[in-house]
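Engineer: requesting a structural model of the entry that follows:
(4 chains)
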There are 2 protein chains.
Amino acid sequence: MGRAIDVLAVARTNYNPTTLDLLVRLSLAPHHELRGVDLCRQLLKSPGYVSRVIDQAESDGLVIRRADPDDRRAQRIALTEAGETALEAFVPHVLEVLDRTVYTALKDDEIETLIDLLTRVADSAHQLLDESDNVST
Amino acid sequence: MGRAIDVLAVARTNYNPTTLDLLVRLSLAPHHELRGVDLCRQLLKSPGYVSRVIDQAESDGLVIRRADPDDRRAQRIALTEAGETALEAFVPHVLEVLDRTVYTALKDDEIETLIDLLTRVADSAHQLLDESDNVST
DNA sequence: GGACAATAATTGTCTACCAAACTATTGTCA
DNA sequence: TGACAATAGTTTGGTAGACAATTATTGTCC
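Structural biologist: Prediction:
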């Protein structure tokens, strides 16, 4: 999990950061559901790991897997009532941590600047990664 | 290890990021040696893990452990010739990755800004962590 | 329409790391 | 001086997450 800010937010729940991120993504999606492959892209985690996170969340009753009617390879992961409840209980903690870290340290325009700078570094890193993928293939 | 920039740099060696960081820290230290506890602080890793990383580096001949003459609890970890050689072989790769990510994406003054903003967020996060440590104790 | 590449998900296996418990030593203070 | 807290390091056990191989299905192209 890593000793990071999410420790603070997550410590107040029983779920790990990726599980909570999963709930957030589903709650923002149309019909509160997403295909597994889209979740991987949004969570920036490998398919193998996402599959396990879904397993766990499903056995906790937070989400359900359903066959995708349009593609028999795919699954649709949907938020349950319990999942929504868990998420709502969690949101205030995230806001509190954000409030007491980023928002106390930085002014609004500085936050925008930070996002811009990080995005640009990330973009050039992705470019480099893509290149080396192509080389190795 | 995490799919991050260090993948690129590390992929070109057989060592993991923490091992390489270890070599860097030792090479910057007086007499090319440091006590274990100081290494923990510099590497930002837990003592348990650092102990393991040193084990590994020692069995690869990159460093040696020596008893600290001033404190019989402590050890001094020192860089060997082989460790220095490994480090020198690695440095150009790090520089190349930095060059093709951060330095192509950001101008010098932007890099300074980025460091400043991140430092401030990190500081307030630390403050919050310290607080919650004190509360739980 | 059938071969074959590409895609969706899962499982097995491995690495990086943390936290807690433990041992040995050192500093402190009555 | 002797008790006791604090510090240095190691070991054990566990979690987050990646990668590779496998299965099932879909799209593509002759």
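Engineer: strands of chain A, residue ranges please.
Structural biologist: Using DSSP state E, the strands of chain A run over A:33-35, A:63-67, A:75-79.
Engineer: the shortest one close to DNA strand D?
Structural biologist: No - using C-beta under 7 Å from any atom of the strand, strand A:33-35 stays clear of DNA strand D, with a minimum separation of 12.2 Å. Where you see a C-beta, it was placed from the backbone N, CA and C, and this is true even at glycine.
Engineer: I'd like the distance from that strand to the chain centre, please.
Structural biologist: Here the centre of strand A:33-35 is set off from its chain's centre by 13 Å, with C-alpha atoms, centre = their mean, to the nearest Å.
Engineer: what do you get for the second one?
Structural biologist: Counting by C-alpha atoms, centre = their mean, strand A:63-67 is centred 18 Å from the centre of its parent chain.
Engineer: which of the strands of chain A sits closest to residue B:41?
Structural biologist: Closest to residue B:41 of the strands of chain A is strand A:63-67 (C-beta to C-beta; 40.8 Å).
Engineer: wouldn't residue A:34 be in contact with residue A:42 here?
Structural biologist: Yes - contact criterion C-beta atoms under 8 Å: residue A:34 and residue A:42 qualify, at 7.5 Å.
Engineer: shared neighbours of those two, anything?
Structural biologist: The overlap between the contact sets of residue A:34 and residue A:42 (C-beta atoms under 8 Å, 6 or more residues apart in numbering or on different chains) consists of residue A:25.
Engineer: for these two, indicate the residue with more neighbours.
Structural biologist: Summary of the neighbour comparison: residue A:34 and residue A:42, criterion other C-beta atoms under 10 Å in any protein chain shown, with residue A:34 having more neighbours (23 against 17).
Engineer: what's across from the more buried one in the sheet?
Structural biologist: Partner residues in beta bridges with residue A:34: residue A:77, with DSSP bridges as the criterion.
Engineer: and it, what is it in contact with?
Structural biologist: By C-beta under 8 Å, 6+ apart, the contact list for residue A:34 reads A:25, A:26, A:42, A:76, A:77.
Engineer: run the last query once more with 10 Å
Structural biologist: Residue A:34 sits next to A:22, A:25-26, A:28, A:40-42, A:63, A:75-79 when contact means C-beta atoms under 10 Å, 6 or more residues apart in numbering or on different chains.
Engineer: intersect those with the contacts of DNA strand C.
Structural biologist: Restricting the contacts of residue A:34 to contacts with DNA strand C (C-beta under 7 Å from any atom of the strand) yields A:40, A:75.
Engineer: closest one to DNA strand C out of the contacts of residue A:34, please.
Structural biologist: The closest of those to DNA strand C turns out to be residue A:75 (C-beta to the nearest atom of the strand; 4.0 Å).
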